[in-house]
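Peer 1: model this:
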Amino acid sequence: QVQLVESGGGLVQAGGSLRLSCAASGRTFSTYSMGWFRQAPGKEREFVAAIRWSGRTYYADSVKGRFTISRDNAKNTVYLQMNSLKPEDTAAYYCAARSRDDGFERRTSDEYDYWGQGTQVTVSS
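Peer 2: Numbers count the residues shown, from 1 in each chain. Sure thing, here's the model as predicted:
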C-alpha cells in the first residue's frame with residue numbers, strides 16, 4: 001500500500017508560480033511512475049504531467065513549457081513546478097502513483113493505482 005500526501009497549493013495571481021509536492025510512503029517509490037492530475041469544478045479529472053522511474057517526463061499540451069515535474073527518490077517525493085500560471089489552471093491537483101512502469105505513457109486516471117487527497121490551486125486574474 002502506498003500513501004500519497006500533496007502540499008503546496010494556494011492562491012496566486014495570474015503569471016505567478018507555485019510548487020506542489022507529493023510525499024509518498026513505501027520502499028519501492030523509485031520504481032513507480034508518478035503523475036499529476038487536476039480537476040476543476042464540473043469537469044473531468046485531466047492529466048497534467050508524469051515522470052517515469054527512469055526520469056523521463058511527459059506533459060499535457062496545455063501545460064507544456066510552463067510546468068515541470070521532477071522527483072527525488074531519496075526523499076520519496078515528486079514535485080510539480082508551475083510557472084506562468086493562468087486562471088484556467090485553477091483546479092484541485094492530485095498526485096498519483098502507478099506501480100508498474102511498462103514503458104508506455106499513461107495519461108488516464110484509471111491507469112494509476114494510488115491517489116493523494118488533492119491540493120487546491122486557485123489562480124486569480
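Peer 1: Nearest the geometric middle of the protein, what residue?
Peer 2: The residue lying closest to the centre of the chain (Cα atoms, centre = their mean) is residue 36, at 2.1 Å.
Peer 1: Identify the residues contacting residue 75.
Peer 2: Contact analysis of residue 75 by Cβ atoms under 8 Å, 6 or more residues apart in numbering lists residue 23. (Glycine included, C-beta is placed from N, CA and C.)
Peer 1: Report the buried residues of the helix or strand harbouring the residue nearest to the centre of the chain.
Peer 2: Element membership for residue 36 (DSSP states H and E) is strand 33-39. The neighbour-count check on strand 33-39 (16 or more other Cβ atoms under 10 Å) flags 33-38 as buried.
Peer 1: Check stretch 97-104 too.
Peer 2: 97-98.
Peer 1: follow-up on the earlier one: and what about the nearest residue to the residue nearest to the centre of the chain once chain neighbours are set aside, helix, strand or coil?
Peer 2: Take residue 36 and drop its neighbours on the chain: the residue closest to it by Cβ to Cβ, 6 or more residues apart in numbering is residue 48, 4.3 Å away. Recorded secondary structure, residue 48: strand (DSSP: H, G, I helix; E, B strand; the rest coil).
Peer 1: Could you do residue 123 as well?
Peer 2: strand.
Peer 1: hmm, back to that, quick check, nearest of the buried residues of strand 33-39 to residue 112?
Peer 2: Of all the buried residues of strand 33-39, residue 112 sits closest to residue 35, with 6.0 Å by Cβ to Cβ.
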